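Enquirer: I need the structure of the sequence given here:
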Amino acid sequence: MGLGLGLGRSLRAQPGPNDRIAVGVVGLGPMGTFHVEQLSRMRRAEVRAVCDVDSERLRTLVERTPRRPQGYTDYREMLAAETLDAVVIATPDHWHAPIALRALRAGKDVYIEKPLAQTVAEGRQLVDTAQRLGRVVQVGLQQRAIGHVRTVVELVRSGRLGKVELCRCWKGGGGAAKPVADSAPPSGLDWDRWLGPAPWVPYNSLRGHTHWRWYWDYGGGMMTDWGVHLIDLAHWALGEDRPKTIEASGVFDATSSYETPTVMDVTYEYPGFHLGWSQNSFRGLPDEEYGVMFYGSRGKLFVNRNGYRVLPEELRVAPIGPADYELPRVRGQMDEFLECVVTRQQPTCNAAVGHASAAASHLGNIALRVGRKLSWDAARERFVDDAEADRMLSRVPRAPYAW
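Expert: Numbers count the residues shown, from 1 in each chain. Presented below is the predicted three-dimensional model:
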């Protein structure tokens, strides 16, 4: 089968308010499976095609999905053969940008799991391409759709805590694994295509499904898994997403097969405030494994996906009024995306927003890996006088997987 974009078949009239939105899902791990199941229950969506380089995983999902979507092991064939309005990307991080860029160029709107891209340069390319082509992009920072999270953003932006000059984010987890021997890939897994733009290495069970995020070629450790979520919330509430300096420290387990750190601390300096990220080294509240704490001149505010607390408890905050910063409520991250596919408005977590939060996470990892404090020129998206760090803002894809 040819792998051209197949524009004669793949483009159709923009769906109207009463039309079902035809969706293809690429990547059928836990998040991709969740999206297929979620979309299959939604009145306005139709899962028309699914794709994964693991044919056994693909077969299992197709058989258990209502209306039996067409299955593909190559996303290019899916884009060429199917008439789709939107594509959901839930692959490992190193495949996000190549698939999203091809989908955008094929006239599809895109829902993409976090982080937006594997590098800062790829994220910028995605933002520019989506804006140039007028496509809708929603990034899967799903806590933006949670009602109490929006309340927290309103409270902070409306000054209920006073002046906030410090924010701290933390998460536990991201451990180590004893090395195991390389082996043949499981039956049905196309290992070369799974690696795609990443350097070729023999198959190892700790690099494939489940564990991939702990290797630099495919993910960014806990920083791009959870850090991106919590940093995004800080950006949103404080109204600033362009750091000036980044400084990091961490602990690596030399006995582990994993490459990313087991302990990590990053300090970002933004105009007007400092932001801290900690992995396995700090808890703003001892009973909370993860969250964000805003430190204001009047008091503190803690938030995670389970709720929020204003501290001290005696501090009372007035409700949001007509003169305050106020956010609309949405039913969910995917609901908002589907609505925007029809209305052509941009969602809350569009490509530019997702890029800013992913970029901050990447900058933290780069500062850790080069081992020094870095200054960031946000307008140019380059470090100040640091060629070594600049080289880590992009990657050279492996042939023939260039985009």
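
Enquirer: Quick check: closest non-adjacent residue to V152.
Expert: Using CB to CB, 6 or more residues apart in numbering and skipping the chain neighbours, the partner closest in space to V152 is V303 (4.6 Å). Glycine gets a C-beta too; all of them are placed from N, C-alpha and C.

Enquirer: same thing with R124?
Expert: Leaving out its chain neighbours, the residue that sits closest to R124 by CB to CB, 6+ apart is E381, at 6.0 Å.

Enquirer: Quick check: that neighbour vs Q131, distance?
Expert: In this structure, E381 and Q131 are separated by 15 Å, where distance is defined by CB to CB, to the nearest Å.

Enquirer: Which pLDDT value goes with S10?
Expert: Among the per-residue scores, S10 shows a pLDDT of 45.

Enquirer: swap in R20?
Expert: Here, the pLDDT recorded for R20 equals 94.

Enquirer: how many neighbours does the residue lying closest to it once chain neighbours are set aside have?
Expert: Across the structure, with CB to CB, 6+ apart as the measure, the residue nearest R20 apart from its sequence neighbours is E46 (4.6 Å). A total of 18 residues lie near E46 under the criterion other CB atoms under 10 Å.

Enquirer: Isn't E46 up against D19?
Expert: No - using CB atoms under 8 Å as the test, E46 is too far from D19 to be in contact (9.6 Å).

Enquirer: can you tell me which residues contact the nearest residue to D386 once chain neighbours are set aside?
Expert: Leaving out its chain neighbours, the residue that sits closest to D386 by CB to CB, 6+ apart is L374, at 6.2 Å. With contacts defined as CB atoms under 8 Å, 6 or more residues apart in numbering, L374 is in contact with T245, I246, E247, L363, I366, A367, F383, V384, D386, A389.

Enquirer: Show me which of those residues are buried.
Expert: Those of the contacts of L374 that meet the buried threshold are T245, I246, L363, I366, A367, F383, D386, A389, by 16 or more other CB atoms under 10 Å.

Enquirer: Shouldn't the third one be within a strand?
Expert: No - secondary structure of L363, determined by DSSP: H, G, I helix; E, B strand; the rest coil: helix, with no strand assignment.

Enquirer: mind listing what it touches?
Expert: With contact taken as CB under 8 Å, 6+ apart, L363 is in contact with V120, P243, I246, Y268, L374, W376.

Enquirer: Recalculate using a threshold of 7 Å.
Expert: Contacts of L363 were listed using CB atoms under 7 Å, 6 or more residues apart in numbering, and they are P243, I246, W376.

Enquirer: Now do it against V26, distance only.
Expert: Here L363 is placed at a distance of 27 Å from V26 (CB to CB).

Enquirer: and what of the last one?
Expert: Distance check for A389 against V26: by CB to CB, it reads 31 Å.

Enquirer: what's the answer for the second one, then?
Expert: Remark: distance between I246 and V26 (CB to CB) = 32 Å.

Enquirer: In contact with the most centrally placed residue in the chain, which residues are there?
Expert: Residue closest to the mean C-alpha point of the chain, counted by CA atoms, centre = their mean, is K114 at 0.9 Å. Applying CB under 7 Å, 6+ apart to K114 gives the contacts V139, G140, L141, V228, H229, G354, A358.

Enquirer: Most neighbours of all those, which one?
Expert: Each of those was scored by neighbours using other CB under 10 Å; the highest score is V139's, at 32 neighbours.

Enquirer: Output stretch 45-53 as PDB - backbone C-alpha positions only.
Expert: Output of stretch 45-53 as PDB, limited to C-alpha atoms (Å, rounded to 0.1, in the frame of the first residue of the first chain):
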ATOM      1  CA  ALA A  45     -17.500  10.600  18.300                       C
ATOM      2  CA  GLU A  46     -16.800   7.500  16.200                       C
ATOM      3  CA  VAL A  47     -13.600   5.600  16.600                       C
ATOM      4  CA  ARG A  48     -13.100   4.700  13.000                       C
ATOM      5  CA  ALA A  49      -9.400   3.400  13.100                       C
ATOM      6  CA  VAL A  50      -6.800   2.400  15.600                       C
ATOM      7  CA  CYS A  51      -3.100   1.900  15.200                       C
ATOM      8  CA  ASP A  52      -0.200   0.200  17.100                       C
ATOM      9  CA  VAL A  53       3.100  -1.400  16.100                       C
END
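
Enquirer: Centre of the chain to it, how far?
Expert: In this view, stretch 45-53 has its centroid 20 Å away from the chain centroid, taken as CA atoms, centre = their mean, to the nearest Å.

Enquirer: List of residues touching that stretch?
Expert: Around stretch 45-53, the neighbours that count as contacts under CB under 7 Å, 6+ apart are 20-28, 36, 39-40, 58, 61-62, 65, 69-73, 75, 78, 82, 84, 189-190, 193-194, 338.

Enquirer: most distant residue from the middle of the protein?
Expert: In the chain, counting by CA atoms, centre = their mean, E314 sits farthest out from the average C-alpha position, at 36.5 Å.

Enquirer: picking up where we left off before, and E381 and Q131? Which one has more around it.
Expert: Each of E381 and Q131 had its neighbours counted (other CB under 10 Å), and the higher figure belongs to E381 (17 against 14).

Enquirer: Help me confirm that that one comes into contact with Q125.
Expert: No - at 11.0 Å, E381 does not count as touching Q125 under the criterion of CB atoms under 7 Å.

Enquirer: re earlier: buried ones only from the contacts of stretch 45-53, please, as a ChimeraX command.
Expert: The following ChimeraX command selects only the buried members of those, with burial defined by 16+ other CB under 10 Å:
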select :21,22,23,24,25,26,27,28,36,39,40,58,61,62,65,69,71,72,73,75,78,82,84,189,194,338
